[in-house]
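S.K.: Could you look at this predicted model? Sequence included:
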Amino acid sequence: MSGASVSGSLLAIDTATSRVVVARGGVDGTLEDAATWEAGYRHGEALLPSIERLLAPVGGRAAIGAIVVGTGPGAFTGLRVGIATAKGLAHGLGCPIVGVPTGAALLAALPGSGALLLPAGPSDRVLVRAGEPSRLLPGGTEPDLRAGEVLLAVDLEGRAADEALERGRAARDGLAAALLRLGAGRLAEAGGDDLEALVPDYVTLPRGVSAATGEVAWSHDPR
């Protein structure tokens with residue numbers, strides 16, 4: 001697919017972690033404004049109002065030229081809300097949408113880090129490296145770091161080293177800018193994603209929910 005010609009603002013949305021990120025940027029991926037807040041398990045309550053406030057200075061939803069959405073890895077509830085909202089906006093506005101792995105954006109936000117740890121349920125963790133499939137680390141298993149690799153951790157207070165958590169906080173501070181930058185690159189190179197083909201990378205699913213084919217690479221929830 002050829003690159004998409006986009007005019008207007010880029011809107012970025014990420015709900016893969018406990019901190020929601022919405023950001024507005026230029027078509028070149030330059031960050032113009034952003035809002036973040038700790039959502040816990042209530043990702044959807046403030047999402048649309050925050051998007052409206054972010055877009056108000058540039059004319060509201062009509063200013064959106066394309067949407068960038070973080071695809072995880074992340075937990076079911078947060079990712080479902082964020083991706084459903086992004087898809088709904090893209091469909092209603094008829095604008096391109098691209099998915100950017102949240103893990104890749106966090107790593108890009110802190111160059112030289114190399115490996116990222118994210119939670120997968122109450123005891124397991126996920127190891128993410130740029131350009132590689134996410135890998136489940138069962139509870140009690142430590143990541144096998146490669147030569148020169150530095151670890152960062154997000155949403156793992158009490159379950160990762162302080163130094164890794166500090167790097168994770170720094171990466172989350174740069175997540176909005178990284179999402180816009182990577183999303184703009186994807187749009188310029190390959191155009192938008194198909195709405196139906198754009199799926200989240202869940203690390204866990206709630207009880208009674210089954211993964212659709214192609215939607216979840218793996219899931220593990222010991223609860």
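M.R.: Happy to help now that I have it. Numbering: from 1, shown residues only.
S.K.: mind listing the strands for this protein?
M.R.: For the chain, the strands defined by DSSP state E cover 9-14, 19-25, 31-38, 64-70, 74-75, 97-100, 114-120, 124-128, 135-137, 150-153, 202-204.
S.K.: could those strands go into JSON lines alongside mean pLDDT and mean neighbour count?
M.R.: The way it works is simple: take the backbone N, C-alpha and C, and place the C-beta from them, glycine included. Below are these laid out as JSON lines (pLDDT from 0 to 100; neighbours: other Cβ atoms under 10 Å):
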{"stretch": "strand 9-14", "mean pLDDT": "97", "mean neighbour count": "28"}
{"stretch": "strand 19-25", "mean pLDDT": "97", "mean neighbour count": "24"}
{"stretch": "strand 31-38", "mean pLDDT": "96", "mean neighbour count": "15"}
{"stretch": "strand 64-70", "mean pLDDT": "97", "mean neighbour count": "26"}
{"stretch": "strand 74-75", "mean pLDDT": "90", "mean neighbour count": "28"}
{"stretch": "strand 97-100", "mean pLDDT": "97", "mean neighbour count": "25"}
{"stretch": "strand 114-120", "mean pLDDT": "95", "mean neighbour count": "24"}
{"stretch": "strand 124-128", "mean pLDDT": "96", "mean neighbour count": "23"}
{"stretch": "strand 135-137", "mean pLDDT": "93", "mean neighbour count": "17"}
{"stretch": "strand 150-153", "mean pLDDT": "96", "mean neighbour count": "21"}
{"stretch": "strand 202-204", "mean pLDDT": "82", "mean neighbour count": "26"}
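S.K.: what's the distance between Thr141 and Ile64?
M.R.: As for Thr141, its distance to Ile64 is 42 Å (criterion: Cβ to Cβ, to the nearest Å).
S.K.: just to revisit the earlier point, and the strands of the chain: which comes nearest Gly183?
M.R.: strand 64-70 (3.0 Å; Cβ to Cβ).
S.K.: what lines up beside the closest one in the sheet?
M.R.: strand 9-14 (parallel), strand 97-100 (parallel) (DSSP bridges).
S.K.: Please compute how far it lies from its chain's middle.
M.R.: In terms of Cα atoms, centre = their mean, to the nearest Å, the centre of strand 64-70 is set 12 Å apart from its chain centre.
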